[in-house]
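Visitor: predicted model and sequence below, questions to follow.
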Amino acid sequence: MAARALRETGALVVGGTAGIGLASARALLRAGVPRVVVAGRSPARGEAVRLSLEEEFPSAEIGYLAVDATKPGELETIVGQAVARLGRIDVLVSTAGGDPRPRLLHQIPLDALMPTIEMVAGGTILPARAVLPHMMEQGGGSVICLASDAAKVATPGEAVIGAAMAAIVMFCRGMAWEAKRSGIRVNCLTPSVVSDTPLYGRLKEDPFSRKLFAKAETMADLGVVTAADLADLVVFLASPSAARITGQTISVTGGISAA
């Protein structure tokens, strides 16, 4: 099945009320996507985002759905609701992977290790799996997941985060291999430092994370990545221009690494 023009699509952005998710929703609307549903945990923030986007894009249909992306039952419910609102989900942007701060491995309690991996990986992986039956039934779609370059590059303080991000990357590759027969494309973006997100601000408040990020930023000779940089790539991967691209993990780091 040929990829649909953006002006003919509906998009669901999980984690779409802040940071990279919100930037992606805004970029998709700017590119001509007529129907977008953003999903996130906070109803108050979600409604504020919906109203703001409606004011910015008055001709578009914009909705908000409350969800904890680590809970399968809630995801199944909101995916069904999104299908009802959008008609179909042509694009999923999955960005709700949590925001753990870097910590040296020996400082992480043993009983917190696996729950952290499950939270980070699950919040991104589960939405992708949740939309799969709908995209298979309609014969196509584009799934774009957000992880980080910690999946590829080992860094002190990111052993657990890196394990979770690597799980997202391999999940996307495996899903892409299976879903291509249904015309579904699955790709993953792995930024390093993203300068204008709520997570960046919180990490800068932590002495260890601040030192880690400051060192990384000195290597970003092309400039520290912004949420808008990633959003532009989301639009490309969602569009017919990327109709032959699937199973790819694309680093966006400004030169911090060449993974």
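Guide: On my side now, so go ahead. Since the structure is predicted, the reported quantities are computational estimates derived from the model, not experimental observations.
Visitor: please name the nearest non-neighbouring residue to the most centrally placed residue in the chain.
Guide: Centroid check for the chain by Cα atoms, centre = their mean gives residue 95 as the closest residue, at 2.5 Å. Leaving aside its sequence neighbours, residue 95 sits nearest to residue 15 (Cβ to Cβ, 6 or more residues apart in numbering; 3.5 Å). Quick note: C-beta positions are derived from backbone N, CA and C, even for glycine.
Visitor: what's the neighbour count on residue 232?
Guide: Residue 232 has 17 neighbouring residues, counting by other Cβ atoms under 10 Å.
Visitor: in a helix, that's where it is, yeah?
Guide: Yes: judged by DSSP: H, G, I helix; E, B strand; the rest coil, residue 232 forms part of a helix.
Visitor: correct me, but residue 216 touches residue 255?
Guide: No: look at residue 216 against residue 255 with Cβ atoms under 8 Å: they stay out of range, at 10.3 Å.
Visitor: so between the two, which is more surrounded?
Guide: residue 216 (19 against 13).
Visitor: so that one is in which element?
Guide: Using DSSP states H and E, residue 216 sits in helix 207-217.
Visitor: what about that helix, average pLDDT?
Guide: Helix 207-217 shows a mean pLDDT of 82.
Visitor: got the contact list for it?
Guide: Contact with helix 207-217 is made by 101-104, 155-157, 192-193, 200, 203-204, 224, 256, as judged by Cβ atoms under 8 Å, 6 or more residues apart in numbering.
Visitor: could I have it exported to PDB, CA atoms only?
Guide: Taking Å, rounded to 0.1, in the frame of the first residue of the first chain, the C-alpha atoms of helix 207-217 are listed here in PDB:
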ATOM      1  CA  PRO A 207      25.100  17.700  39.900                       C
ATOM      2  CA  PHE A 208      26.100  14.400  38.300                       C
ATOM      3  CA  SER A 209      23.800  14.800  35.300                       C
ATOM      4  CA  ARG A 210      24.800  18.400  34.800                       C
ATOM      5  CA  LYS A 211      28.500  17.400  34.600                       C
ATOM      6  CA  LEU A 212      27.700  14.600  32.200                       C
ATOM      7  CA  PHE A 213      25.600  16.800  29.900                       C
ATOM      8  CA  ALA A 214      28.100  19.600  30.000                       C
ATOM      9  CA  LYS A 215      30.900  17.300  28.700                       C
ATOM     10  CA  ALA A 216      28.600  15.900  26.000                       C
ATOM     11  CA  GLU A 217      27.600  19.400  24.800                       C
END
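Visitor: run the chain-centre distance for the one helix or strand in the chain whose mean pLDDT sits lowest.
Guide: The weakest-scoring helix or strand in the chain, judged by mean pLDDT, DSSP states H and E, is helix 198-204 (a mean of 72). Relative to the chain's own centre, helix 198-204 is displaced by 17 Å; criterion: Cα atoms, centre = their mean, to the nearest Å.
Visitor: what residues does it touch?
Guide: Counting by Cβ under 8 Å, 6+ apart, 18-19, 99, 101-102, 193-194, 209-210, 213 sit against helix 198-204.
Visitor: how far does the lengthiest helix in the chain sit from its chain's centre?
Guide: Longest among the helix segments of the chain by residue count, using DSSP state H, is helix 110-138. Chain-centre distance of helix 110-138: 11 Å, with Cα atoms, centre = their mean.
Visitor: show me what it is packed against.
Guide: Helices and strands touching helix 110-138, as assessed by 3 or more Cβ pairs under 8 Å, 6 or more residues apart in numbering; DSSP states H and E, comprise strand 10-14, helix 72-86, strand 91-94, strand 141-146, helix 159-179, strand 184-191.
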